[in-house]
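Peer 1: Could you look at this predicted model? Sequence included:
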Amino acid sequence: MANKTIEHVEKGLRGTLVIPGDKSVSHRSVMLSALGDTPVHITNFLPSADCLSTVGVMQALGAKVDIHSETELTVQGNGLHGLQEPETILDAGNSGTTLRLMMGMLAPQKFVSTFTGDSSLHKRPMGRVIKPLTAMGAKLAGRAGNTKLPITVIPADKPLQGITYEMPVASAQVKSAILLAGLFAQGTTTVVEPYKSRNHTELMLESFGVKLDYKDNAISIQAQDKLTAPEELIVPGDISSAAFWLVAGSIIPGSDLLLQNVGINETRTGIIDVLLTMGADITMENQRNSGSEPVADIRVRYAKLHSTSFGADIMPRLIDEIPVITVAAMFAEGDTVITGAGELRVKETDRIQAISDQFNKLCPCIEAQPEGLVIHGSDSNKWQQAKCFSYDDHRIAMSLAIAGIAGAGVEIEEPDCVRISYPDFYQQLEALCK
Ligand code: S3P
């Protein structure tokens with residue numbers, strides 16, 4: 001795709017946006033439905049490249065997926081023990097969630113499966129999942145000392161054994177992989193998190209009739225005979241997609257946006273807490289439940305922001321939002337200090353490096369740290385138009401677009417990657433800026 005040129009917007013952003021379905025919940029809806037034995041009707045599914053990678057993998061494992069429209073599917077599984085040996089290599093594309101969760105689901109199976117993915121996914125660390133699964137008795141073989149794609153799962157000699165695993169990093173993907181393996185393992189499988197990460201796997205397992213035990217930061221699961229699938233799963237809107245508008249509305253004078261149907265699961269709302277601390281004008285309306293997840297309509301109006309500091313304890317609640325929070329901090333008065341964010345270096349790209357290399361071209365005010373960022377924000381910061389590279393990372397591309405409309409414009413190289421999580425992003429942006 002050609003470069004995308006985004007102009008500075010002269011007026012405030014005003015209007016109502018319907019936020020597309022949550023990526024994390026969409027993945028899990030298809031994965032767990034494929035383990036049920038009755039059809040599940042999934043609505044507000046996110047038809048993004050990552051979630052379609054999950055659909056492709058589950059189809060290769062024998063699940064029947066009827067696509068009624070882009071956002072509405074019916075998944076018919078073959079039961080908890082009904083996954084079939086895939087005839088092809090399983091391609092997770094750019095999706096760490098697809099790969100890591102599916103390694104957990106496939107480790108206990110009695111057939112061989114091999115995973116691949118795109119060049120970004122080949123660079124990302126998979127030892128964090130291979131290690132605990134191996135401790136459960138699974139056999140996985142990966143490149144680079146069993147840490148990287150391509151990865152093959154070989155049937156274990158005997159059933160996997162439950163373990164107690166203290167996770168060194170707070171990661172919902174690692175936690176979910178272990179819990180999914182635990183569905184099939186003998187005894188109790190317990191994961192202990194250093195900080196609480198998103199709990200969509202736990203909530204969805206519960207809506208499939210699985211009883212989990214919680215104690216402090218530990219979650220335990222027992223092997224199941226079957227999953228009792230719900231007839232319907234409703235995917236809430238994705239707060240990680242709403243994040244771009246929460247920041248745009250906060251930093252562009254005159255803005256007043258209503259973001260409809262946003263998931264407000266407290267394991268995901270770190271960005272709202274941080275923006276409120278910075279002085280943002282954000283209110284929640286019409287709070288309700290959508291399936292097993294809480295949602296609200298969120299109103300955001302322009303406000304003068306000031307700097308803040310935050311670190312490791314809140315990180316899992318806003319890890320994907322750091323690029324766009326950085327944009328907010330560039331417009332906020334004072335120095336914002338972000339620590340405990342080393343995980344950013346192993347996302348779709350090294351996001352600490354991407355942020356400092358590219359955002360600084362638009363306004364030089366960011367210092368990269370080994371595990372964080374310092375942003376010298378100011379009203380009098382000088383913004384200029386520049387050509388910036390997305391590194392083919394969806395959240396970097398969308399954050400650059402918000403920096404561009406609020407600053408002095410931007411030309412984004414490799415802009416098409418928004419398809420990974422937010423296919424309609426540029427259309428919604430253009431409609432708002434008209
Ligand atoms: C996700 C978990 C997070 C997040 C990713 C989606 C998930 O990754 O960054 O975009 O759906 O479980 P980690 O588990 O690596 O922190």
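Peer 2: On my side now, so go ahead.
Peer 1: Distance from the chain centre to the host helix or strand of residue 288, please.
Peer 2: Using DSSP states H and E, residue 288 sits within strand 281-290. Here the centre of strand 281-290 is set off from its chain's centre by 21 Å, with C-alpha atoms, centre = their mean, to the nearest Å.
Peer 1: For it, which strands pair with it and how are they oriented?
Peer 2: Using DSSP bridges, strand 281-290 pairs in its sheet with strand 293-301 (antiparallel).
Peer 1: which strands and helices sit next to the helix or strand just after the partner strand?
Peer 2: Next in sequence after strand 293-301, counting helices and strands by DSSP H and E, comes strand 309-310. Other elements packing on strand 309-310 under the criterion 3 or more C-beta pairs under 8 Å, 6 or more residues apart in numbering; DSSP states H and E are strand 334-338. (Glycine included, C-beta is placed from N, CA and C.)
Peer 1: hey, C-alpha coordinates of the strand holding residue 288 in CSV?
Peer 2: Extracted in CSV, the C-alpha atoms of strand 281-290 (Å, rounded to 0.1, in the frame of the first residue of the first chain):
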residue,chain,number,x,y,z
ASP,A,281,-12.4,15.0,30.6
ILE,A,282,-13.7,11.5,30.2
THR,A,283,-17.0,10.2,31.5
MET,A,284,-18.8,6.8,31.3
GLU,A,285,-22.4,6.6,30.3
ASN,A,286,-24.9,3.8,30.1
GLN,A,287,-22.7,1.2,31.9
ARG,A,288,-24.1,-2.3,31.3
ASN,A,289,-23.1,-5.9,30.7
SER,A,290,-22.5,-7.3,27.3
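Peer 1: Give me the buried positions along that strand.
Peer 2: Using 16 or more other C-beta atoms under 10 Å as the test for burial, strand 281-290 gives 281-282, 290.
Peer 1: for stretch 250-264, same thing?
Peer 2: Buried residues in stretch 250-264, counted by 16+ other C-beta under 10 Å: 250-252, 255, 257-264.
Peer 1: do the same with stretch 154-167
Peer 2: 155-156, 160, 162-163, 165, 167.
Peer 1: Determine how far the last residue of it lies from the first.
Peer 2: 24 Å (C-alpha to C-alpha, to the nearest Å).
Peer 1: The ligand contacts on the stretch 101-250 of the chain?
Peer 2: With C-beta under 6 Å from any ligand atom as the criterion, the stretch 101-250 of the chain meets the ligand at residues 171-173, 176, 198.
Peer 1: Restricted to helices, list these.
Peer 2: Judged by DSSP state H, these include 172-173, 176 as members of helices.
Peer 1: Go through those residues and give me the one with the most neighbours.
Peer 2: residue 176 (29 neighbours; other C-beta atoms under 10 Å).
Peer 1: What are the structural domain limits within this protein?
Peer 2: What automatic domain parsing lists as the domains of the chain is 4-21+236-433, 23-234.
Peer 1: Just the mean pLDDT for the last one, thanks.
Peer 2: Average pLDDT, domain 23-234: 98.
Peer 1: Now do that domain: distance to the chain's middle.
Peer 2: With C-alpha atoms, centre = their mean, you get 15 Å for domain 23-234.
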